[in-house]
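J.: predicted model, plus sequence, below.
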Amino acid sequence: MRRRPGGNITGIAFLSTELGPKRLGLMKELVPAAERYAALVNPANPATHSIVADLRAAAAAIGKPIDFFMATNAREIDAAFAKIVSSGAQALVVGGSSLFPVRRVQIATLAAHNRLPAIYYDRATVEVGGLMSYGANIPEATRQAGVYVGRILKGEKPADLPVVQAAKFDFVINLQTARTLGLTVPPSLLAQADEVIE
C-alpha cells in the first residue's frame, strides 16, 4: 500500500479480507477437534480470490482441509449452507463481503440451526446471534475517515494524505450462542476477547 497515493483519493483500509487466517486460528482454538473447515465467500466480491488463497494457505499450515462455498444472494446462501452441512464441515469461516452483513440474521440462524460454529468479520452478526467475530473496529475507522474529511475541507490535498490501515480490531464472542452450540469457550480465548456477549 502506497503511503502517498499521488492522485485525488485517499482513505482508510479496513483489512477485512486479509484477516481470514486469524479468524481460522481463532476457530481452531475454539473447536480444536474440528477436522474439516468450510468458508462461505461471495464470488462477486473482487477480494474473493485473495480471501480464498489466504484461507487455503492457513488451513494447509494447520494441516486441515477447507472447502469453499459460494453465494451471491439469499437463495444461494441457503443452498451453500445445505452443501456445507452435507460436506461434513465442523467449523465455518465467513469471508468478507458487503452481502453477508446484510444477510446476517439469515446466516447466523442457519449456522445455529445446523449447530455449526462460525466466525464472522463483523460484530453485527454476533449481536444477532452469531458465535464470534474478528474484524476492524468500525467506529474507530469511521472516526479516522471523519478526520480525513476535515483535513481535506481545510485545504489539504488528498494526494498528500497517506492511505491508513485500520489499527484497532475487535474480537467478540457470544457466550449464549456458544452454550446453545454445546461449546465451552476456553479461558485463553475469553482473555483475548474485546467483548463477551452474555
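T.: That came through, no problem. Residues are numbered from 1 along each chain as shown.

J.: residues contacting the residue nearest in space to the middle of the chain?
T.: In the chain, the residue lying closest to the centroid (CA atoms, centre = their mean) is residue 121, at 2.0 Å. Counting by CB atoms under 8 Å, 6 or more residues apart in numbering, residue 121 touches 16, 19, 23, 94-96, 100, 133-135. For glycine as for every other residue, the C-beta is placed from the backbone atoms N, C-alpha and C.

J.: of those, which is the nearest to residue 156?
T.: Nearest to residue 156 out of the contacts of residue 121 is residue 16 (CB to CB; 26.8 Å).

J.: mind listing the strands the helix or strand harbouring residue 39 pairs with, and their directions?
T.: Using DSSP states H and E, residue 39 falls within strand 37-41. According to DSSP bridges, strand 37-41 forms sheet pairs with strand 66-70 (parallel), strand 91-94 (parallel).

J.: which of these is buried the deepest?
T.: strand 91-94 (a mean of 26; mean count of other CB atoms under 10 Å).

J.: so which residues of this structure form helices?
T.: Secondary structure of the chain, counting by DSSP state H: helices at 20-30, 48-61, 74-87, 99-102, 104-113, 123-127, 138-153, 175-180, 187-192.

J.: report the separation between residue 61 and residue 86.
T.: Per CB to CB, to the nearest Å, residue 61 is found 26 Å from residue 86.

J.: neighbour count for the two, which is higher?
T.: residue 61 (11 against 8; other CB atoms under 10 Å).

J.: nearest residue to that one in space, please, no chain neighbours.
T.: Once flanking residues are discounted, residue 61 sits nearest to residue 21: 7.9 Å by CB to CB, 6 or more residues apart in numbering.

J.: for burial, what's the neighbour tally of the one you found?
T.: Count around residue 21 with other CB under 10 Å applied: 17.
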